[in-house]
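Peer 1: pasted the sequence and its predicted model underneath.
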Amino acid sequence: MRNVTVPGMSRRGLLGSGAAFAASLAVPSAYAQNWPQKSVRVLVGFAAGGNIDNLARVTCARLSEVFGQQFVVENRVGAMGTLAAHDVVRAAADGHTFFWAGTGTVSIFPAMGKPPYAMTDLAPVSLIGTSPQVLIINGKLPVTTLQEFVAYVKARPRQLAYAGGGGPGSVSNLLMALFLKRAGLEMNAVSYRGTAPALTDIIGGHVPAMFIPLPEALPQAVTGAVRMLALSDDRRAPQANEVPTIAESGYPGFRGVSWNGMMAPAATPKPIIDRVAAEFIKATKDPKFIAQLDKYGASPLGLTPEEFAKFLAEDMALWAEAVKIAGVTLDSK
């Protein structure tokens with residue numbers, strides 16, 4: 001192979017620049033080994049005390065223990081979590097600020113309206129878990145399976161309603177809109193300000209069906225006030241292993257779950273992101289930590305940053321489809 005001469009640069013200079021380039025690649029790795037050098041902020045876009053906040057806190061407690069610095073949860077409430085995300089995007093990308101991400105902020109909001117940042121401004125770190133919803137009906141409805149529910153609704157087009165707990169842009173409402181489309185059904189939507197009043201009307205027989213987070217359905221299912229027909233996840237839940245998934249009930253590929261995980265400013269050094277992701281993966285294999293997740297209805301799912309990025313691409317496409325079907329915009333919320 002013949003020698004190539006770079007104009008204006010001697011061989012010594014070329015070797016020197018190569019050494020400098022190699023040294024520059026080592027800087028992020030060396031920095032990551034000494035990180036964190038102070039407490040780490042983890043911004044949560046929702047109020048303290050809810051499931052999203054609780055999952056963030058149990059995870060941050062574990063990270064504090066592992067890394068020897070406090071991972072401090074800060075609640076920055078508003079605009080479906082995008083205020084917190086925006087603050088993270090504008091923070092220094094030094095590994096001391098993270099965003100506690102979830103379905104509504106990352107996967108649903110961008111389909112309804114433009115957030116004040118680009119999704120490429122945030123780097124995926126890892127998931128900690130997913131939370132399925134379950135399709136429930138009033139306990140007195142003469143239906144025991146998803147197939148029977150579909151037949152029951154098909155025989156009564158536009159005569160039945162469903163509850164959208166949390167409003168038009170909620171996971172509950174969008175999941176039902178998506179399922180009805182896939183099943184070729186027609187029902188009328190009734191919006192509620194939250195899951196509790198919607199569940200009250202299901203129990204009272206005023207509205208026959210809705211999707212609801214599994215932990216909120218379980219106590220009512222035990223009493224027979226509601227009946228659980230199918231889960232929105234692609235795997236059965238250990239808390240209700242007798243309840244089949246929608247996918248195995250005749251709708252292959254159907255999956256729509258709430259999830260929680262961590263993202264970082266896009267320019268955060270990759271070695272830091274990888275270190276945090278590795279701890280997420282370890283946590284989701286620890287029986288004690290899994291028991292903590294179970295308290296909040298989350299099934300463990302630790303992913304590498306690359307796996308999380310793939311998950312996000314698929315999840316955003318799913319919820320964009322659901323938003324389009326439901327005709328939801330920010331003005332309709």
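Peer 2: Structure's in. What do you need?
Peer 1: CA only for contacts and neighbour counts going forward, please
Peer 2: Noted.
Peer 1: what ranges do the helices span in the stretch 201-333 of the chain?
Peer 2: 214-223, 270-283, 287-295, 305-326 (DSSP state H, counting those that start in this stretch).
Peer 1: what sits against residue 323?
Peer 2: Residues in contact with residue 323 (C-alpha atoms under 8 Å, 6 or more residues apart in numbering) are 108, 111-112, 169, 174, 329.
Peer 1: pick out the residue nearest the middle of the chain.
Peer 2: Computing the C-alpha centroid of the chain and ranking residues by C-alpha atoms, centre = their mean puts residue 259 first, at 2.5 Å.
Peer 1: pLDDT score for it?
Peer 2: Listed pLDDT for residue 259 reads 97.
Peer 1: which residues touch residue 213?
Peer 2: 131-134, 297 are the contacts of residue 213 under C-alpha under 8 Å, 6+ apart.
Peer 1: in stretch 85-96, what counts as buried?
Peer 2: Of the residues in stretch 85-96, 85-89, 93-96 count as buried by neighbour count, 16 or more other C-alpha atoms under 10 Å.
Peer 1: ok, back up a step: name whatever forms a beta bridge with the residue nearest to the centre of the chain.
Peer 2: residue 130 (DSSP bridges).
Peer 1: what sits against it?
Peer 2: 102-103, 127-131.
Peer 1: max pairwise distance over the residues you listed: which two?
Peer 2: For the contacts of residue 259, the farthest-apart pair by C-alpha to C-alpha is 103 and 128; their separation is 12.6 Å.
Peer 1: the two: which has the busier surroundings?
Peer 2: residue 128 (26 against 22; other C-alpha atoms under 10 Å).
Peer 1: which element is the more buried one on?
Peer 2: strand 122-131 (DSSP states H and E).
Peer 1: and the contacts of that strand?
Peer 2: By C-alpha under 8 Å, 6+ apart, strand 122-131 touches 59, 89, 213-214, 233, 257-268, 273-274, 276-277, 280-281, 284, 293, 297-306, 308-309.
Peer 1: could I have the buried ones of the residues you listed as ChimeraX selection syntax?
Peer 2: Applied in ChimeraX, the following selects the buried portion of the contacts of strand 122-131 according to 16+ other C-alpha under 10 Å:
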select :59,89,213,214,233,257,258,259,260,261,262,263,264,265,266,268,273,274,276,277,280,281,284,293,297,298,299,300,301,302,303,304,305,308,309
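Peer 1: show me this structure divided up by domain.
Peer 2: Listed by automatic domain parsing, the domain ranges of the chain are 33-131+257-332, 133-249.
Peer 1: re earlier: which among the helices of the stretch 201-333 of the chain is found nearest to residue 121?
Peer 2: Closest to residue 121 of the helices of the stretch 201-333 of the chain is helix 305-326 (C-alpha to C-alpha; 13.1 Å).
Peer 1: pull out the buried positions in the closest one.
Peer 2: 305, 308-309, 312, 315-316, 318-323, 326.
Peer 1: wait, which of those is closest to residue 183?
Peer 2: residue 322 (13.5 Å).
Peer 1: where along the stretch 1-150 of the chain do the helices fall?
Peer 2: Under DSSP H, counting those that start in this stretch, the stretch 1-150 of the chain gives helices at 11-34, 51-67, 82-89, 109-112, 146-154.
Peer 1: which neighbouring elements make contact with the fourth one?
Peer 2: This points to helix 109-112. Contacts defined by 3 or more C-alpha pairs under 8 Å, 6 or more residues apart in numbering; DSSP states H and E place helix 109-112 against helix 305-326.
Peer 1: quick revisit: can I get the strand holding residue 128 in CSV, CA atoms only?
Peer 2: Extracted in CSV, the C-alpha atoms of strand 122-131 (Å, rounded to 0.1, in the frame of the first residue of the first chain):
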residue,chain,number,x,y,z
LEU,A,122,-33.5,13.1,24.8
ALA,A,123,-31.4,9.9,24.8
PRO,A,124,-33.0,6.6,25.9
VAL,A,125,-31.4,5.1,29.0
SER,A,126,-33.5,2.1,30.1
LEU,A,127,-37.0,0.9,31.1
ILE,A,128,-37.8,-0.2,34.6
GLY,A,129,-41.2,-1.8,33.9
THR,A,130,-44.5,-1.8,32.1
SER,A,131,-48.0,-1.7,33.5
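Peer 1: closest one to residue 160 among the helices of the stretch 201-333 of the chain?
Peer 2: helix 305-326 (16.7 Å).
Peer 1: the closest one: how far from the chain's middle?
Peer 2: Averaging C-alpha positions (C-alpha atoms, centre = their mean, to the nearest Å) puts helix 305-326 10 Å from its chain's average.
Peer 1: mean confidence score for it?
Peer 2: Mean predicted confidence for helix 305-326 is 96.
Peer 1: check stretch 181-195 too.
Peer 2: 93.
Peer 1: how far does that stretch stretch from one end to the other?
Peer 2: Across stretch 181-195, the terminal residues are separated by 22 Å (C-alpha to C-alpha, to the nearest Å).
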